[in-house]
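Trainee: please find the sequence and the predicted model below.
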Amino acid sequence: MKLGAPPGATPEMMAALRAEKARQARLIEDRERRRLTDLANHIESHPESLTGARDFVERFLNSPAHSALHWALREWQGLLEHSSPAQIATLLRDESESTRHLRETCPFARSRTLP
């Protein structure tokens with residue numbers, strides 16, 4: 001199967017498709033940024049929510065079914081043990097490439113202690 005432009009697609013149509021794809025990617029990034037900012041705010045105002053994240057990490061580290069994520073979970077485990085709620089919140093707001101993997105494996109998304 002050959003991939004590429006649909007039959008009969010004009011350069012203008014392809015440009016419009018690329019622009020729409022970029023727009024949708026920005027919407028997804030904006031939504032994720034808002035979610036992580038809300039999460040950071042929640043952690044600062046409810047530091048006890050770190051307990052749910054610690055429990056989540058511990059449960060998944062003890063599960064062989066999730067061994068592919070163990071490297072990230074171990075990093076989160078260390079952060080949750082040695083960082084303050086304010087430091088965790090700052091990390092979640094940080095948009096740098098160096099913290100991307102932490103934001104993408106954030107254990108709070110599945111924690112039951114969040115709103």
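Mentor: Yep, that arrived.

Trainee: and Pro64, what does it touch?
Mentor: Pro64 makes no contacts at all, as judged by Cβ atoms under 8 Å, 6 or more residues apart in numbering. Every residue, glycine included, has its C-beta placed from N, CA and C.

Trainee: could you find the closest non-adjacent residue to Leu69?
Mentor: Thr105 (6.3 Å; Cβ to Cβ, 6 or more residues apart in numbering).

Trainee: and that neighbour, how far is that from Pro7?
Mentor: According to Cβ to Cβ, to the nearest Å, Thr105 and Pro7 sit 41 Å apart.

Trainee: more neighbours: those two, which one.
Mentor: Thr105 (15 against 5; other Cβ atoms under 10 Å).

Trainee: OK, contacts around the more buried one?
Mentor: Neighbours of Thr105 in contact, by Cβ under 8 Å, 6+ apart: 69, 72-73, 76.

Trainee: output these as a markdown table; include the columns distance to Ser49.
Mentor: Listed next are the contacts of Thr105 as a markdown table, based on distance: Cβ to Cβ, whole Å:
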| residue | distance to Ser49 |
| --- | --- |
| Leu69 | 20 |
| Ala72 | 19 |
| Leu73 | 17 |
| Trp76 | 14 |
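
Trainee: out of those, who has the most neighbours?
Mentor: Trp76 (23 neighbours).

Trainee: now name the helix or strand holding Ala5.
Mentor: For Ala5, there is no host helix or strand (DSSP states H and E).

Trainee: distance-wise, check the nearest residue to it once chain neighbours are set aside relative to Arg26.
Mentor: Leaving aside its sequence neighbours, Ala5 sits nearest to Met14 (Cβ to Cβ, 6+ apart; 5.6 Å). Between Met14 and Arg26 the computed distance is 19 Å (Cβ to Cβ).
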